[in-house]
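S.K.: next input, structure requested:
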Amino acid sequence: MLDRLPHFLSLIRFSHTVFALPFALFAAVLAWQQTPFRWRDLLGILLCMVFARSAAMAFNRLTDRKLDADNPRTANRHLPAGILSVRSVWAFTLACSLGFVLSTLLFLPNRWPIILSLPVLLFLLGYSYAKRWTIWCHYWLSAALMLSPVAVWIALCGTVEWPPVFLGAVIFFWVGGFDIIYACQDVEFDRNRGLFSLPARWGVPAALRIALVSHLLCIAALVGLWYAAELGAVFLGGVALVSGLLLYEHWLVRPDDLTRVNIAFFNVNSVISIGLLLVGVADLYLRL
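M.R.: Down below sits the predicted model:
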């Protein structure tokens, strides 16, 4: 398995960890304003994020392998192409799942992370079946990622407060919106195979309008986070920049031109996630 590690990292799109990890770290930075910093907590956050996302992505590739084989856009993925075996991906999924559960022990004596680890893991894995029965599958994915700042806050503080709730809402509406945009590429395939998605049900133009509303709600949640976490002008300036990037993302993708979806999906969104972490940290520590 170690020899095939580069293939496993490619299988789970390890580089896409950049979408959720900065939000988890931002939640931790906010939590450390009221609870002592411990290196083992930081290690626990990193390990839990990597293991949980890796398990969920690998499981998704397993459940979708037959669909991927039939879709020209995904036929060259590792399982349909025979680059990795089903058995090896199952082993990888189970190893990452176990790694996630064990990593929650780093937060002891707080027992909530280990208690909640299995329900959280099952929710993450359950996303892989969502598009088989609901058009709102995009928001199952966003809810799965939304758990990261809330879970971090529970792990560090043992409570749930407004800052991680607003940060989770940012992720919920942001990820839901761009996943709708991404799903526009597979409208015909989804319809032919009886799969559910907003673009397949209501068409690309309507889906893009829903994605825009979702991103406007994301901006509103960012303002709520600014207020709830008592952040300052630096973060508010970051909110303005993120708003511009979200509007640029919608300018890139149009109902009659989906050729720039990947630019909108990865390039713009990675800037948003990393940028918010940087301006958030800068806002907090420039005022110290």
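S.K.: so the residue lying closest to Arg73 once chain neighbours are set aside versus Thr259, what's the distance?
M.R.: Setting aside the residues directly before and after it, Arg73 is nearest to Gln185 in space (C-beta to C-beta, 6 or more residues apart in numbering), at 6.4 Å. Heads up, the C-betas are built off the backbone N, CA and C, glycines and all. Remark: distance between Gln185 and Thr259 (C-beta to C-beta, to the nearest Å) = 10 Å.
S.K.: now Leu276
M.R.: Between Leu276 and Thr259 the distance, using C-beta to C-beta, works out to 27 Å.
S.K.: and the two? Which one has more around it.
M.R.: When Leu276 and Thr259 are compared for neighbours, Leu276 comes out ahead with 23 against 10, by other C-beta atoms under 10 Å.
S.K.: got a list of what that one touches?
M.R.: Under the criterion of C-beta atoms under 8 Å, 6 or more residues apart in numbering, the contact list for Leu276 reads 22-23, 26, 170, 222, 238, 242.
S.K.: buried stuff in the helix or strand harbouring Glu249?
M.R.: Assessed by DSSP states H and E, Glu249 sits inside helix 233-252. Buried residues in helix 233-252, defined by neighbour count with 16 or more other C-beta atoms under 10 Å: 234-235, 238-239, 242-243, 245-246, 249-250, 252.
S.K.: these into JSON lines, with extra columns for distance to Ser97 and pLDDT?
M.R.: Rendered in JSON lines, the data for those read as follows (distance: C-beta to C-beta, whole Å; pLDDT from 0 to 100):
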{"residue": "Val234", "distance to Ser97": "39", "pLDDT": "96"}
{"residue": "Phe235", "distance to Ser97": "35", "pLDDT": "97"}
{"residue": "Gly238", "distance to Ser97": "35", "pLDDT": "96"}
{"residue": "Val239", "distance to Ser97": "36", "pLDDT": "97"}
{"residue": "Val242", "distance to Ser97": "33", "pLDDT": "95"}
{"residue": "Ser243", "distance to Ser97": "37", "pLDDT": "96"}
{"residue": "Leu245", "distance to Ser97": "34", "pLDDT": "93"}
{"residue": "Leu246", "distance to Ser97": "33", "pLDDT": "94"}
{"residue": "Glu249", "distance to Ser97": "33", "pLDDT": "89"}
{"residue": "His250", "distance to Ser97": "36", "pLDDT": "91"}
{"residue": "Leu252", "distance to Ser97": "36", "pLDDT": "88"}
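S.K.: now flag whichever of these is closest to Arg87.
M.R.: For the buried residues of helix 233-252, the closest approach to Arg87 (C-beta to C-beta) belongs to Glu249, at 39.0 Å.
S.K.: I'd like the distance between that closest one and Met57.
M.R.: Counting by C-beta to C-beta, the separation of Glu249 from Met57 is 23 Å.
S.K.: ok, now Val281?
M.R.: Distance of Val281 to Met57, computed by C-beta to C-beta: 27 Å.
S.K.: quick one: Phe37 is in a helix?
M.R.: No - residue state for Phe37 (DSSP: H, G, I helix; E, B strand; the rest coil) corresponds to coil; a helix is not indicated.
S.K.: from Arg201, how far off is Lys141?
M.R.: One thing to correct before we go on: residue 141 is Leu, not Lys. Using C-beta to C-beta, one gets 17 Å for the distance from Leu141 to Arg201.
S.K.: please identify which of these two sits among more neighbours.
M.R.: For the pair Leu141 and Arg201, the greater number of neighbours falls to Leu141 (22 against 14), based on other C-beta under 10 Å.
S.K.: show the pLDDT at that one.
M.R.: In the predicted model, Leu141 carries a pLDDT score of 95.
S.K.: same check, this time on Leu2
M.R.: For Leu2, the pLDDT comes out at 62.
S.K.: what of the one 4 residues further on?
M.R.: On the pLDDT scale, Pro6 is placed at 84.
S.K.: rewinding a little: thought the residue nearest to Arg73 was touching Arg260?
M.R.: No - checked against C-beta atoms under 8 Å, the pair Gln185 and Arg260 is beyond contact range at 11.2 Å.
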